[in-house]
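**Student:** Give me a 3D structure for the following:
(chains A and B)
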Amino acid sequence: MIMEIVIKAILAAAFLGMVLNLAGLLTWVERKQSAVMQDRVGANRAWIEFKPKWLMPLNWLLRPLNVLGLFHALADAVKMFAKEDFMPRGADKVLYNLAPMISVVFALLAFAAIPFGDVLNIGGRSIDLQIAGIDAGLLFVFAMMSLGIYGVILAGFSSNNNYAYLGGMRAASQMLSYEITMGISIMGVVLVYGTLNLQEIVRSQGGTFFGVIPAWGIFVQPLAFVLFMVAALAETKRVPFDLPEGESEIIGYFVEYSGMKFGMFFLTDLVETVLVACLMTTFFLGGWQVPYLLRDGFHFPWGSVWLLPHITVVVLGIVSFMLKVAFFNWFFMQVRWTLPRFRYDQLMHLGWKILFPASLVNVLITSIIVVMKNP
Amino acid sequence: MITTKIIKRKELGFWDKTYLPAVGLGLWITSRHFFRNFLIQTLHLFGFLKNVRGAVTYQYPEEQRPLSKRTRTRHRLTQREDGSPRCVGCMMCETVCPARCINIVAGEHPDPNIEKYPVSFDLDLGMCVYCGFCVEVCPEDAIRMDTQILDIAAYSRQDMKLSLQELLHPRSTPAYQKNNSN
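**Tutor:** As a prediction, the model looks like this:
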């Protein structure tokens, strides 16, 4: 029993560390990627160097990090912690302090149900590489994402500022309307795989169609993929769906926050980006599945077999999961720095009149096909 | 008679309303830039392909933006072959200067062929408007504005004043070296 808890704790720590580091790294990615795609160089002036001569080897090791500007994330964090923690007059003290915590905690909790690897057999024990093997994992993730809205609404509500309030209200209506599309578009996937357990969904995506195309969700549910991606982007509250923030019109729900409390909202956005990338990977890109890789090794479509030890297969799965997540993160960044912000009526129009009916149609077609296949 | 021309707004078609083609086109353009620059900048890190620019940025203090040769930059005083200033202390530049930033104290030159020489030649960069009149008016070609030095950063207004030595040998005086050594 103790051993079980220890193993789960290790898994949780590893995954949480990975997610938080990735979210921190995303601040750097955001700077660098936007710079590179706009023909710029990007932030590279946060420089750590030691004066004494005998520390030269350390300088030499730090140099690549310096050149790439990786210490900007660190500098940001230091800046955030060193800033004044300001609270506006008339703000609701409890809710004001609670809001950023709610925001970040629920975003992080949702990761518990995401499988990041296959079952690992080690020392006579089989460990499911998933923090919490919840049967209704899908519902858990959606519940956590919905609860995350509370942080935003409470921040807007408790700040005693009209702009923050407006931002909070916008966030509420935007996220609620896109939550519906998101939920319904994923119903297609659930219908096809017949389970709410995320590990089971990923497992069902193993194998291939016609022996060539990997049996990933994107090939089964292409429309759901697009719908889910748009809704998920809206869920992360980033450009082109950043109306709750709207830096150039209203500053948004966190206008009164400073220091690390603002940092927590900022972190939440990035953690949600990672979360959404993880969900997209799990539902549509086969999670930890590597094409043609079965339990015992690669089975290529041309008939050759390359046997691999168990541990290699599991590690390959984890690496594949991380690469897919990294790809989606790259893609979301690219979208964020390419598209302008929607107008509010366009946002509602897109959500309710285009995405919502389309997701219903998707569910209808999927149900018909599923029923016809298994009468 | 005012004629008006009514321009009809183009109605959005079906695909425009879905936003998808426009989104795809935008992503295509930005991705093209991203991958091209990403490749070139990565190669630059390893020392390859240095002649192709991966960004329009000039990394300013290390990398100067190329200036036109005609750009009026910081002044310098030209020298004779023996290293003494060509300036003959005629006060033309001091007189013509609209910002009154030049202050010359002239003295008798030992050589009878040369009338005078500047005992001190002070130029206040904090006041200079970079008009270049001093260069145009100089009969001896003794002052030029071609050092390609544009920055006049200093900790005080006093530090912006250039002495005769500084003008003869730009960026060589001890004061400058002290301020700019790490």
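
**Student:** Contact distance from chain B - what residues of the stretch 251-375 of chain A qualify?
**Tutor:** Counting by CB under 8 Å from any CB of the partner chain, the residues of the stretch 251-375 of chain A close to chain B are A:334-335, A:337-339, A:350, A:354. (Glycine included, C-beta is placed from N, CA and C.)

**Student:** Looking at those residues, which is nearest chain B?
**Tutor:** residue A:338 (4.5 Å; CB to the nearest CB).

**Student:** Isn't that closest one up against residue B:32?
**Tutor:** No: the pair residue A:338 / residue B:32 is not scored as a contact, 11.3 Å apart, by CB atoms under 8 Å.

**Student:** Pick out whichever of the two has more residues nearby.
**Tutor:** Neighbour totals were compared for residue A:338 and residue B:32, and residue A:338 leads with 20 against 11 (other CB atoms under 10 Å in any protein chain shown).

**Student:** what residues are up against the more buried one?
**Tutor:** The contact partners of residue A:338, by CB atoms under 8 Å, 6 or more residues apart in numbering or on different chains, come to A:37, B:23, B:26-27, B:29-30.

**Student:** what's the distance between it and residue A:284?
**Tutor:** Plainly put, residue A:338 is 21 Å away from residue A:284 if you go by CB to CB, to the nearest Å.

**Student:** And the helices in chain B, which stretches?
**Tutor:** Using DSSP state H, the helices assigned to chain B run over residues B:14-18, B:20-45, B:92-96, B:133-137, B:164-168, B:174-180.

**Student:** tell me the mean pLDDT for the last one?
**Tutor:** This means helix B:174-180. If you average the pLDDT over helix B:174-180, you get 59.

**Student:** who touches residue 131 in this structure?
**Tutor:** All of this refers to chain A. So residue A:131 contacts A:8, A:11-12, A:15, A:111-114 (CB under 8 Å, 6+ apart).

**Student:** meant chain B actually
**Tutor:** B:72, B:98-99.

**Student:** Just among the residues you listed, which is most surrounded?
**Tutor:** residue B:72 (17 neighbours).

**Student:** picking that back up, out of the helices of chain B, flag the one nearest residue A:76.
**Tutor:** helix B:20-45 (22.1 Å; CB to CB).

**Student:** Just checking the closest one against chain A, any contact.
**Tutor:** Yes: Helix B:20-45 is in contact with chain A by CB under 8 Å from any CB, via B:23, B:26-27, B:29-31, B:33-34, B:37-38, B:41, B:45.

**Student:** hang on, residue B:94 packs against residue B:103?
**Tutor:** Yes: with contact defined as CB under 8 Å, residue B:94 reaches residue B:103; the gap is 6.7 Å.

**Student:** In space, what's closest to the closest residue to chain A within chain B - neighbours in sequence excluded?
**Tutor:** Chain A sits closest to residue B:34 of chain B, with a gap of 3.9 Å, by CB to the nearest CB. Once flanking residues are discounted, residue B:34 sits nearest to residue A:37: 3.9 Å by CB to CB, 6 or more residues apart in numbering or on different chains.

**Student:** And residue A:244, by the same measure?
**Tutor:** The nearest residue in space to residue A:244 (CB to CB, 6+ apart) is residue A:171, at 3.5 Å.
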